[in-house]
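In: what follows is a predicted structure for the sequence shown.
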Amino acid sequence: MIYIRILFVLTSHDKKGDAGDTGFHFAEAAHPWKALTEKGHEVDYVSPKGGKAPIDAFDLDDEINKEFWESEEERLSNTMTPTEVDPEAYAAIHFVGGHGTMWDLPNNEELQAVTRRIYEKGGIVAAVCHGPAGLVNVKLTNGNYLVDGKRVNSFTDDEERKVELENVVPFLLETKLKEHGAQFEKADVFEKKVVVDDRLITGQNPMSAYGVGVEIAKLLESVKDVPQGGEQ
């Protein structure tokens, strides 16, 4: 089987201000990973600092989470740094959520460059929950924000207020996406929602994570000239 490589971006930030520990949301990596690997694709991991990525919402009672942990534990402790990433090797990039993303992804210029290259060479950009924090400041070579004019979804401002962290996070994600030209679409608080606009796929919350993976897999079937990982 020919497989395709997808790059998962994880946060390196492990504190949500003074409100406790955080990291990448475990299911928001595990569930898209399941949707993609069951189609035969390969997932690699990068984080701003590289090495071990901090984990939030670690739950092995979930069968997919358990399978993911048993398969990927070592690799989650040895993520690449952005400078080690060759964007030419990837057909898609997926920004995993978790509150930590709000601190270390928005202004990471190296990850922005990787994202821009993958998108502009015809690849897929995806993100779920707080993962779109990694997209808010990505600009294309024409100077426009990647999200400008695109139908986009993320953890909503209402959801942030519901978890009482609206005054802890550096900014409200829905608001920032709108400020940069996104056409924001959302479901009710904590309801599943996945939005697909051409090669941009975004999901609202943890419940939307598997659906984001499914949509990435579907789109990979139609995207032409994507890098192939090799034989598996």
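Out: Perfect, I can see it now.

In: which of the residues in stretch 4-21 are buried?
Out: 4-14, 16 (16 or more other Cβ atoms under 10 Å). From N, CA and C alone the C-beta is placed, and that goes for glycine too.

In: now do stretch 55-67
Out: 55-57, 62, 64-65.

In: next one: stretch 39-50
Out: Neighbour-count burial for stretch 39-50, counted by 16+ other Cβ under 10 Å, picks out 39, 41, 43-48, 50.

In: just checking, which of those belong to strands?
Out: 43-46 (DSSP state E).

In: show me where this structure has helices.
Out: Counting by DSSP state H, one finds helices in the chain at the ranges 26-37, 63-76, 101-104, 109-120, 157-162, 173-179, 209-222.

In: turn the ones you listed into CSV, including distance to Thr141.
Out: Formatted as CSV, those follow (distance: least, Cβ to Cβ, whole Å):
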stretch, distance to Thr141
helix 26-37, 27
helix 63-76, 32
helix 101-104, 24
helix 109-120, 6
helix 157-162, 30
helix 173-179, 21
helix 209-222, 22
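
In: CA atoms only: put stretch 30-37 into CSV for me.
Out: Extracted in CSV, the C-alpha atoms of stretch 30-37 (Å, rounded to 0.1, in the frame of the first residue of the first chain):
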residue,chain,number,x,y,z
ALA,A,30,-5.4,10.1,19.2
HIS,A,31,-8.7,10.2,17.3
PRO,A,32,-7.4,11.9,14.1
TRP,A,33,-4.4,9.5,14.3
LYS,A,34,-6.8,6.6,14.3
ALA,A,35,-8.8,7.9,11.4
LEU,A,36,-5.7,8.3,9.3
THR,A,37,-3.6,5.3,10.3
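
In: now that stretch: mean pLDDT?
Out: For stretch 30-37, the mean pLDDT works out to 98.

In: other residues contacting it?
Out: If you take Cβ atoms under 8 Å, 6 or more residues apart in numbering as the criterion, stretch 30-37 is touched by 6, 8, 43, 62, 64-65, 67-69, 72, 94, 96, 126, 128, 209-210, 212-214, 216-217.

In: hmm, His180 is touching Asn144, no?
Out: No: between His180 and Asn144 there is no contact under Cβ atoms under 8 Å: 9.3 Å.

In: comparing those two, which residue is more hemmed in?
Out: Neighbour count, other Cβ atoms under 10 Å: between His180 and Asn144, His180 has more, with 19 against 12.

In: can you tell me which residues contact that one?
Out: So His180 contacts 136-137, 145, 147-148 (Cβ under 8 Å, 6+ apart).

In: any chance of those in a markdown table, plus pLDDT?
Out: A markdown table is the format used below for the contacts of His180 (pLDDT from 0 to 100):
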| residue | pLDDT |
| --- | --- |
| Val136 | 98 |
| Asn137 | 98 |
| Tyr145 | 98 |
| Val147 | 98 |
| Asp148 | 98 |
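
In: what's the closest of the residues you listed to Val114?
Out: Distance to Val114 across the contacts of His180 (Cβ to Cβ) is lowest for Asn137, with 13.4 Å.
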